[in-house]
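Participant: Build me a model:
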Amino acid sequence: MLARAFALLVAGLLCGACNDDGGSAPADTDGSGCGLPGDDPGPCCCFPEPGENVCSTEALCPSISADCGTGMLGTGDCTLDPASDAAVMCALTALGAESAQGSVSWAISEAGGLIQSTGILHLGGDQTALEATIEDDSETQRLAVVGGLPDDFDAAGCATLETAGQRFECMLNVTALDQRSTCQDDTIASTAG
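Facilitator: Numbers count the residues shown, from 1 in each chain. Down below sits the predicted model:
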C-alpha cells in the first residue's frame with residue numbers, strides 16, 4: 001500500500017509537452033501524424049499509443065541513475081555515481097537554456113528496489129513532453145504528459161546544491177509542468193504473487 005501511494009506521488013511529480021510549435025523547429029517525427037506540413041497537431045501528437053513515441057528522443061546528456069537504497073525519493077536518501085552526477089549537471093545546463101531541444105532521461109530505484117521508475121523529458125523549445133514508467137509490487141504505470149516548463153524552475157539554483165542527490169531531486173522539479181495534460185495513463189496490475 002505504501003509503495004502504491006508513493007508511486008502515485010512520483011507519478012504526480014513526473015509531468016511534461018510535445019514540439020507542436022507549428023514548424024519553428026526542425027521536423028522531429030518520422031511523419032506519423034505529428035508535425036506534418038499543413039497539420040495543426042494537438043499537444044499529444046508525440047504519443048499516439050501507450051508506450052509509443054513518434055517524436056525525436058535525441059539525448060542531450062547521458063542517462064542518470066539514482067539509487068535511493070531503502071529510502072524514498074524526496075527524503076534525501078538518493079545517491080548518484082560520478083557519471084550520473086555529471087549527467088545531472090549537463091541536464092541542468094540544458095534545462096537552463098531556452099532553446100534546448102532533445103531529451104533528458106533517468107532511472108530511480110527506491111525502497112530497496114521495490115519501486116523502480118524511469119523518465120524521459122523531451123524538450124522542444126517552450127514545450128515539453130514527459131514519458132514515465134513507475135513499477136512497484138502491485139502495478140506498472142506508464143504515463144505520457146505534455147505541458148510547458150514551469151516558470152519558477154531554477155536550473156542554476158539546483159546546480160549549486162551540496163550533494164548529487166539534492167541536485168537530482170531539484171532537477172526533477174522541472175517535471176511539474178505548467179498547464180499540463182495527460183496524453184496516456186496506462187496502468188497494469190501485477191499478476192505476480
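
Participant: switch to C-alpha atoms for all contacts and neighbour counts from now on
Facilitator: OK.

Participant: which residues touch the longest strand along the chain?
Facilitator: The longest strand of the chain (DSSP state E) is strand 178-189. Residues outside strand 178-189 that contact it (Cα atoms under 8 Å, 6 or more residues apart in numbering) are 15-17, 44, 47, 49-50, 138-151.

Participant: Buried members of those residues into ChimeraX, please.
Facilitator: To isolate the buried members of the contacts of strand 178-189 in ChimeraX, using 16 or more other Cα atoms under 10 Å:
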select :15,16,17,44,47,138,139,140,141,142,143,144,145,146,147,148,149,150
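
Participant: Now, the contacts of strand 178-189 that are in helices?
Facilitator: Judged by DSSP state H, helices contain none of those.

Participant: average pLDDT for the longest strand of the chain?
Facilitator: Per-residue pLDDT over strand 178-189 has a mean of 85.

Participant: same question, stretch 138-150
Facilitator: 89.

Participant: Run the chain-centre distance for it.
Facilitator: 7 Å (Cα atoms, centre = their mean, to the nearest Å).

Participant: How about the backbone phi and psi for residue 81?
Facilitator: Per-residue torsions, residue 81: phi -80, psi 170 (degrees, to the nearest 10).

Participant: so what's it up against?
Facilitator: Counting by Cα under 8 Å, 6+ apart, residue 81 has contacts 65-66.

Participant: which regions of the protein sit below the pLDDT cut-off?
Facilitator: Along the chain, the model assigns pLDDT under 70 to residues 1-41, 50-51, 56, 125-127, 190-193.

Participant: which stretches of it form helices?
Facilitator: Using DSSP H, helices in the chain cover 2-13, 82-95, 155-159, 164-171.

Participant: residues of the shortest one that come out buried?
Facilitator: Buried residues in helix 155-159, counting neighbours by 16+ other Cα under 10 Å, are found at 155, 158-159.
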